[in-house]
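>>> next input, structure requested:
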Amino acid sequence: MLSFLLGCHGLQSNLGEEGDLYRSFSLGEGTALALFQRPVIAETLGTTNLPVEAESQDRMMLAFDVKDLDATVEKLQERGACFVTEAKDHPEWGIRTAHLRDPDGNVIEINSSIPTAE
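Numbers count the residues shown, from 1 in each chain. As a prediction, this is how the structure comes out:
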């Protein structure tokens, strides 16, 4: 799902395909964002002997601003995403949010601005 979101934001994948264990996106000249799935990280760091899952609070959340939250939620659900929160307005923050987990259980927030009356 994260690869899909990055593609929606116009980032060009320069290595790997959606669903691969490793994927890289070009952010501009000489800069890239690489995504590693858990098995690659464990092999690289030599931690394959450690438990894959442990119940705990989330350590981080990756947030993406999208133009149309509801349309993005619908597209992601069509691709099999299961949201852990429904789309909800947060007027105190000026945004509407929804949350899902990637295949490794990391929290991803997608949000869009709430139009303001002028």
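>>> could you say which helix or strand holds A42?
helix 38-45 (DSSP states H and E).
>>> for the record, mean pLDDT for that helix?
Looking at helix 38-45 alone, the average pLDDT works out to 85.
>>> quick check: buried residues in that helix?
Residues of helix 38-45 classed as buried: R38 (neighbour count, 16 or more other Cβ atoms under 10 Å). C-beta: built from backbone N, CA, C; applies to glycine.
>>> tell me the helix or strand right after it.
Scanning forward in sequence from helix 38-45 by DSSP H and E, the next helix or strand is strand 61-65.
>>> what helices or strands is the helix or strand following that following strand leaning on?
Going down the chain from strand 61-65, the next helix or strand is helix 69-78, by DSSP H and E. Contact here means 3 or more Cβ pairs under 8 Å, 6 or more residues apart in numbering; DSSP states H and E; on that basis helix 69-78 packs against helix 2-8, strand 83-90, strand 95-101, strand 107-113.
>>> between strand 107-113 and helix 69-78, find me the angle.
Note on geometry: by axes from the mean of the first three to the mean of the last three Cα atoms, to 10 degrees, helix 69-78 and strand 107-113 are set 150 degrees apart in direction.
>>> for helix 69-78, list the C-alpha coordinates in PDB.
Extracted as PDB, the C-alpha positions of helix 69-78 are listed here (Å, rounded to 0.1, in the frame of the first residue of the first chain):
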ATOM      1  CA  LEU A  69      -9.200  11.600   1.100                       C
ATOM      2  CA  ASP A  70     -12.500   9.700   0.400                       C
ATOM      3  CA  ALA A  71     -11.500   8.900  -3.200                       C
ATOM      4  CA  THR A  72      -8.100   7.700  -2.000                       C
ATOM      5  CA  VAL A  73      -9.700   5.500   0.700                       C
ATOM      6  CA  GLU A  74     -11.900   4.000  -1.900                       C
ATOM      7  CA  LYS A  75      -9.000   3.200  -4.300                       C
ATOM      8  CA  LEU A  76      -7.000   1.600  -1.500                       C
ATOM      9  CA  GLN A  77      -9.900  -0.500  -0.400                       C
ATOM     10  CA  GLU A  78     -10.400  -1.700  -3.900                       C
END
